[in-house]
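Undergrad: quick one, what's the 3D model for this:
(one chain, ligands or ions: 2)
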Amino acid sequence: MTDAFAVTPLTKPLDATVRPPGSKSITNRALLCAALAPGTSTLRGALFADDTEAMTGAVAALGAEIKSDSLARTVEVSGVLPSSAGNPPAVDCRQSGTTSRFLLPAAALFTGRIVVDGSGQLRARPFGPVIEALRQLGVTIEELGEPGFLPVAVHGPAGGGRVEVSGHISSQFLSGLLMAGPLMPGGLTVDVTSPLVSVPYVEMTTAVMAAFGAVVDVDGLTVASGGYRPADYTIEPDASAASYFLGAAAVTGGRVTVSGLGTGSLQGDVRFADALERMGATVVRTTDSITVHGSDRLRGIDIDMADISDTAQTLAAVAVFADSPTRVSGIGFIRKKETDRIGAIVTELRRAGIDATEDEDGFTIRPGTPRPTRFATYDDHRMAMSLSLLGLRTPGIEIADPSCVAKTYPNFFTDLTALT
Ligand SMILES: O=C(O)C1=C[C@@H](OP(=O)(O)O)[C@@H](O)[C@H](O)C1
Ligand SMILES: C=C(OP(=O)(O)O)C(=O)O
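TA: Ligands and ions are numbered 1, 2, ... in the order given. Here you go, the predicted model:
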């Protein structure tokens, strides 16, 4: 891969149908639930990317057997019931927040010592809430680096019962605890002690758990003991990935249909289309697709994106081409994702001559004409994918270190080029 990708501006309005790869979030939940189900599960439409390879490797380290067919997008998982961990090598969660935050509670179901680690980037992301929660459940956690960060060594097994966890840094801590709950003696009830961000991901968690036979009281965040059972499970395309194509239709005044994602989606990020609709795009939703028709005039909006923050950078790129400012709020917590996403998107748009400002919990983008720019991507796949949208309208836009998209969407630039 070269060190920059030059985006080709569109010469005619978009008119395309796209099917993004499988949802990262659903794939990683399904891999974990299947790995804890005795018997063989089949996952169809799975994502094959760095984050899902991280989860595949992690559950294999716990003893699950995985057979992947990347061409057929299918994974067969033969699960294990938690027992003695033996002496597995350290589990490398790479850059994957979901893998690491889901794996810690799952590792705590096993007797023995399991070391969980990740890339330098993941080591900089917070783990304090899940460490504290597991300690409440009787698990010993050795913090092998800085307190509250990876690497850690987990000594299970966890008892069940009641546990408290904060919600304002990441929902992944809550999701991870819930997914381990069915294997805990007596099950688990989780009390969330601060306002929960990324709420739709918790609803996704309980839906995937239920598909693998877990009994969950969603309102009370209570999980019954009783384990999982194997399933034949089909995964939807990724809604966060879809945002780049829907955003492309909005900024170029064309039409894009995303197939396989519809009104019954498990992913909150399908609501990115609602934001585009508020900006003036026309959105048509069916049970199996979302279509965006761009308009010649997009207006800026004021929007809280706490539920759908993976699409905040996409919206920032779209907002450049509106005719009034866009203010995004409720997303202070995205400063602790792959990079400080608020600081990074504002810095890069300003380098392109756009009047963008940040505040503690979001940013404001004032419309403008970007100048040719090679954008830095901060080892953040979503910086690379969202800033590409500027290049569909503006000549001279390059994306540095394009291979960072491998985290969730290895073929992104091929699929983007197919549009132009
Ligand atoms: O549970 C999940 O699958 C995810 C939850 C969100 O994280 P936070 O809960 O940390 O916001 C999201 O940003 C991430 O890409 C995937
Ligand atoms: C934040 C993200 O991922 P994760 O937290 O799973 O690493 C993302 O995909 O944008």
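
Undergrad: for T394, which non-adjacent residue is closest in space?
TA: P370 (4.7 Å; C-beta to C-beta, 6 or more residues apart in numbering). Placement of C-beta: from N, CA and C, glycine included.

Undergrad: and for that neighbour, the neighbour number?
TA: 22 (other C-beta atoms under 10 Å).

Undergrad: how far away is it from V154?
TA: Distance, P370 to V154, by C-beta to C-beta, to the nearest Å: 46 Å.

Undergrad: before we move on, what about P89?
TA: Remark: distance between P89 and V154 (C-beta to C-beta) = 14 Å.

Undergrad: the more surrounded of these two?
TA: Legend: neighbour count by other C-beta under 10 Å for P89 and V154, higher for V154 (26 against 8).

Undergrad: quick one: which helix or strand includes the residue lying closest to T287 once chain neighbours are set aside?
TA: Leaving aside its chain neighbours, T287 sits nearest to G262 (4.4 Å; criterion: C-beta to C-beta, 6+ apart). Using DSSP states H and E, G262 is not contained in any helix or strand.

Undergrad: list phi and psi for G262.
TA: Backbone geometry at G262, expressed as degrees, to the nearest 10, gives phi -140, psi -160.

Undergrad: now do T234
TA: Dihedral angles (degrees, to the nearest 10) for T234: phi -110, psi 130.

Undergrad: please name the residues that touch the residue nearest to it when sequence neighbours are not counted.
TA: Excluding its sequence neighbours, the residue lying closest to T234 (C-beta to C-beta, 6+ apart) is R44, at 4.5 Å. By C-beta atoms under 8 Å, 6 or more residues apart in numbering, R44 lies in contact with R73, T74, D232, Y233, T234, I235.

Undergrad: is it true that the last one touches K24?
TA: In other words, I235. No: contact between I235 and K24 fails when scored by C-beta atoms under 8 Å: they sit 9.6 Å apart.

Undergrad: do the one helix or strand T314 maps to and ligand 2 meet at all?
TA: Assigned by DSSP H and E, T314 belongs to helix 312-319. No: judged by C-beta under 6 Å from any ligand atom, helix 312-319 and ligand 2 are separated, with a smallest distance of 8.9 Å.

Undergrad: which helices and strands does the helix or strand just after that helix pack with?
TA: Along the chain past helix 312-319, the next helix or strand (assigned with DSSP H and E) turns out to be strand 326-329. Packing partners of strand 326-329 (3 or more C-beta pairs under 8 Å, 6 or more residues apart in numbering; DSSP states H and E): strand 302-304, helix 312-319, strand 362-366.

Undergrad: angle of the longest one against strand 362-366?
TA: Between helix 312-319 and strand 362-366, the angle comes out at 20 degrees (axes from the mean of the first three to the mean of the last three C-alpha atoms, to 10 degrees).

Undergrad: what is the mean pLDDT for helix 312-319?
TA: Across helix 312-319, pLDDT averages out at 98.

Undergrad: which residues does it contact?
TA: 243-244, 247, 250-251, 272, 275-276, 279, 298, 300, 303, 305, 325-326, 328, 331, 334, 341, 345, 349, 356, 362-363, 365, 367, 382-383, 385-387, 389-390.
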